[in-house]
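*Asks:* Coordinates for the following, if possible.
(2 chains)
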Amino acid sequence: MEQPTTAFFVRGPQPFTRLVFFSILSLVLMGVDARLHYLTEVRQGFMGLLHPLQVAANMPGYWYRQTAEYWQGHDAMLADNRRLRIVNLQQGVDLQRLRSMEEENMHLRQLLGAVQEIKQPAQLAEIMNVDRDPFTQRVVVNLGSRHGIMTGQAVADGMGVIGQVTRTYPFSSEVTLVTDKSLAIPIQVERSGLRAIAFGHGRDNIIDLPYLPTNVDIQEGDVLVTSGIDGVYPPGLAVARVTSVERDSDLTFARIVCEPAAGIEQHRQVLLLKTPLVAAATPIPDTPAVNTPSGKAPTPTAKPKPSSPSSTTATPASSTPATLPAAPANGGT
Amino acid sequence: MYTTKSRFIYLSLLLALFMSMLPWSGSGLMLRPDFVMVTLIFWLCRAPHLCNIGTAWMAGLLIDLATGGLFGANAFAYSLTAFFAVIYQRRLTLFNIPQLALFVGALLAVTQITQLLLRLFAGGSIPDWHYFLPSLTGTLLWIVLALLSASGTAPTGAASNKRRS
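*Replies:* Coordinates of the predicted model:
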């Protein structure tokens, strides 16, 4: 071992033997990971070890942005400020209307005896890195289970829904984007009120709206918003805009293509929304009858979706059937 | 001698992992070479007694951990590529840099095709042609690495060939 000459000629087992050995090892690992889910704890432990590296990898970009901000011209800053002030003014006007409308809405709800909306607190997180795998649409954000993030939380930005937290690590968590194939969102067409389920396409920043008949009332330009019946996403968040509707009478279903409303590939900051049930501090999500302790009626969930928050690989809200009953309008008993 | 050099290999692999964890986005993400695999190929051809299929497997496992993919998928792809790199390693001294670059490109393509096949088994769809762009950029990165190292002292034929071209 000391002399490089011996090390050069003594090569240990044959390459093919090594290949077979390591192939079998990785196949076993793949099987264990895919079928048995034993490795989540191992993964979390190692992720904790890798975290410093991940933070370090984000440092250059962070410094760059810091210095760029520092050297940004005075004029640019002033112009930005002016623009923001105008936006602020406009939004302030809207906000005043919102306040009164919120109050009016609450009043009406009380009159109807319907359920109260539960406010969803949100945490601001920053995207750390994008998945290198071209088949999955995932990002990693800088808040994890130590910050109270749970799997199943909805993620949004100022323009709409971005996705859902699917895996949490101590200091970071993995967000599956709405454009991922495995993510489905219960939506509602804003114009017609039609409910459906939107699926990610997996590529090209597209969302599909499958399994709708060819005569469905959807037009190009329709805005899809979350219906809120899954109990994960708050109702009314923009999800996507319909870009094309193909009605081929030979096919059973219409082919509807939408583009996500949120700036999925542009933003660095995202909001992690607490799921309504978590927000209402429901202690036991497994009980069949979900009663929130604060005396409020449960949120209009057709299905208390957040499968036990402790589990680390939550299935995205995909199993909600398309023919769910509406939000319980029979309300006050 | 032995320990310092193998430590150097692990350091370079860690650096490569660091490079791949940088916040790439947009077209950068599309072009991002597989830094870890390029580094591995470099060492597999340069020092096969220190960097072998086992090293590649460990590196692949680390990638699986870092990206949160299926445990062992990248490890499998990496060890398969390392196998091809190792069995042809003795013959590489006969080649000049363009020929070696072709070889490296083929190895990177093997990695990507293996990853693709594993994905297709898991129910993925076939990606566009630019899925294979990282192989191309990876080859370019390898050429840069090879030229840099050839300007120093190089045991393989890379140096002599570089002088000739």
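*Asks:* quick check, A:Ile162 in a strand?
*Replies:* Yes: counting by DSSP: H, G, I helix; E, B strand; the rest coil, A:Ile162 is found in a strand.
*Asks:* so how far is chain B from it?
*Replies:* As for A:Ile162, its distance to chain B is 14 Å (criterion: C-beta to the nearest C-beta, to the nearest Å). Heads up, the C-betas are built off the backbone N, CA and C, glycines and all.
*Asks:* For that residue, give me its contacts.
*Replies:* Contacts were defined as C-beta atoms under 8 Å, 6 or more residues apart in numbering or on different chains; by that measure A:Ile162 touches A:155-156, A:175, A:177-178, A:262, A:264, A:270.
*Asks:* Where does pLDDT dip in chain A?
*Replies:* Filtered on pLDDT under 70, chain A yields the residue ranges A:1-12, A:113-120, A:131-135, A:265-266, A:276-333.
*Asks:* circling back: got a winner among the contacts of A:Ile162 for most neighbours?
*Replies:* A:Val178 (30 neighbours; other C-beta atoms under 10 Å in any protein chain shown).
*Asks:* wouldn't that residue be in contact with A:Glu259 here?
*Replies:* No: if you go by C-beta atoms under 8 Å, A:Val178 and A:Glu259 don't touch, sitting 10.5 Å apart.
*Asks:* host element of the spatially closest residue to A:Val257 that is not a sequence neighbour?
*Replies:* Leaving aside its sequence neighbours, A:Val257 sits nearest to A:Ser244 (C-beta to C-beta, 6 or more residues apart in numbering or on different chains; 4.8 Å). A:Ser244 belongs to strand A:238-246 when elements are defined using DSSP states H and E.
*Asks:* which residues sit in contact with the residue in the stretch 201-333 of chain A that chain B sits nearest to?
*Replies:* Here the stretch 201-333 of chain A gets closest to chain B at one residue, A:Gly202, 6.1 Å apart by C-beta to the nearest C-beta. Listed by C-beta under 8 Å, 6+ apart, the contact set of A:Gly202 reads A:135, A:137, A:179-181, B:124-125.
*Asks:* Wasn't it part of a strand?
*Replies:* No: counting by three-state DSSP, A:Gly202 falls outside a strand, being coil.
*Asks:* quick one: stretch B:25-39 to chain centroid distance?
*Replies:* Centre-to-centre, stretch B:25-39 and its host chain are 11 Å apart (C-alpha atoms, centre = their mean, to the nearest Å).
*Asks:* How about stretch A:258-268, which residues are buried there?
*Replies:* Residues A:258, A:260-262, A:264 are the ones in stretch A:258-268 that count as buried (16 or more other C-beta atoms under 10 Å in any protein chain shown).
*Asks:* Show residues contacting it.
*Replies:* Residues outside stretch A:258-268 that contact it (C-beta under 8 Å, 6+ apart) are A:126-127, A:137, A:156-157, A:159-163, A:177-179, A:198, A:205-209, A:223-224, A:238-243, B:25-26.
*Asks:* Could the C-alpha coordinates of it be exported in CSV?
*Replies:* Below are the C-alpha coordinates for stretch A:258-268, written out as CSV (Å, rounded to 0.1, in the frame of the first residue of the first chain):
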residue,chain,number,x,y,z
CYS,A,258,-53.4,25.4,-18.8
GLU,A,259,-50.4,27.4,-17.7
PRO,A,260,-49.8,28.0,-14.0
ALA,A,261,-50.7,31.4,-12.6
ALA,A,262,-47.8,31.5,-10.1
GLY,A,263,-44.4,32.5,-11.3
ILE,A,264,-43.1,29.0,-10.6
GLU,A,265,-39.8,29.6,-12.3
GLN,A,266,-39.2,33.2,-11.4
HIS,A,267,-39.5,33.7,-7.7
ARG,A,268,-37.2,33.1,-4.9
